[in-house]
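# Here is my input; please provide its structure:
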Amino acid sequence: MTTIPTAGLLRSALMADAAMSGASGLVLVAAAAPVAQATALPVPLLFAAGLFLLPYAALLAWCACRAGLPRWLVRLLAAGNLLWAVECAALPLLGLVAPNAWGIAFLAVQAAAVGAFAGLYGLALRRALRAA
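Numbering: from 1, shown residues only. Next up is the predicted model:
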């Protein structure tokens, strides 16, 4: 099976990821400076992340409306979320940013959320493959 049905867990995960990504993107684009001031994260990083998240959220919403998705796309979404989680953890660990406590919390919450979405996409894929 080259496609998996976009129903149940997969559709719910896609819609939740789209909603969270869209909301985060809007906040980061509209208020990058205040978020940066509160977190000690760089404004350009926050603004760029917001610009990325807006079309990403639209893609996820579009995917959720499809009857099925190619397996490769679901794997790509899982891998992308996992990569985002690793990057959130790696930025301060590698000394690329120097966030304050709020910034650490901001990055940790992001890493946990996108890591959870990666896990949900992987679980939905495994369930669909078992059902086939």
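# Figure out how far the longest helix seen in the chain is from the centre of its chain.
Secondary structure of the chain per DSSP state H: the longest helix is helix 101-131. Once both centres are worked out by Cα atoms, centre = their mean, to the nearest Å, helix 101-131 turns out to sit 8 Å from its chain's centre.
# pLDDT averaged over that helix, what's the number?
In this model, helix 101-131 has an average pLDDT of 94.
# Pull out the buried positions in it.
Judged by neighbour count using 16 or more other Cβ atoms under 10 Å, the buried positions of helix 101-131 are 103, 106-107, 110-111, 113-115, 117-118, 120-122, 124-125, 128. C-beta here means a position set from N, CA and C on the backbone, and glycine is covered the same way.
# Nearest to Thr2 among the residues you listed?
Ala128 (11.3 Å; Cβ to Cβ).
# Test my guess that that closest one contacts Gly8.
No. Here Ala128 lies out of contact with Gly8, judged by Cβ atoms under 8 Å, at a distance of 9.2 Å.
# For this structure, which residues score under the pLDDT cut-off?
1, 132 (pLDDT under 70).
# Which stretches in the protein count as helices?
Residue ranges of the helices in the chain, as given by DSSP H, are 9-30, 32-39, 43-64, 71-93, 101-131.
# and of those helices, who's closest to Thr2?
Comparing the helices of the chain against Thr2 with Cβ to Cβ, the closest turns out to be helix 71-93 (6.2 Å).
# distance between the closest one and the chain's centre?
Distance, centroid of helix 71-93 to centroid of chain: 8 Å (Cα atoms, centre = their mean).
# what's in contact with it?
1-4, 10, 14, 17, 60, 63, 96-99, 103-104, 107-108, 110-112, 114-115, 117-119, 121-122, 124-125, 129 (Cβ atoms under 8 Å, 6 or more residues apart in numbering).
# Okay, angle between it and helix 9-30 too, please.
Interaxial angle, helix 71-93 versus helix 9-30 (axes from the mean of the first three to the mean of the last three Cα atoms, to 10 degrees): 40 degrees.
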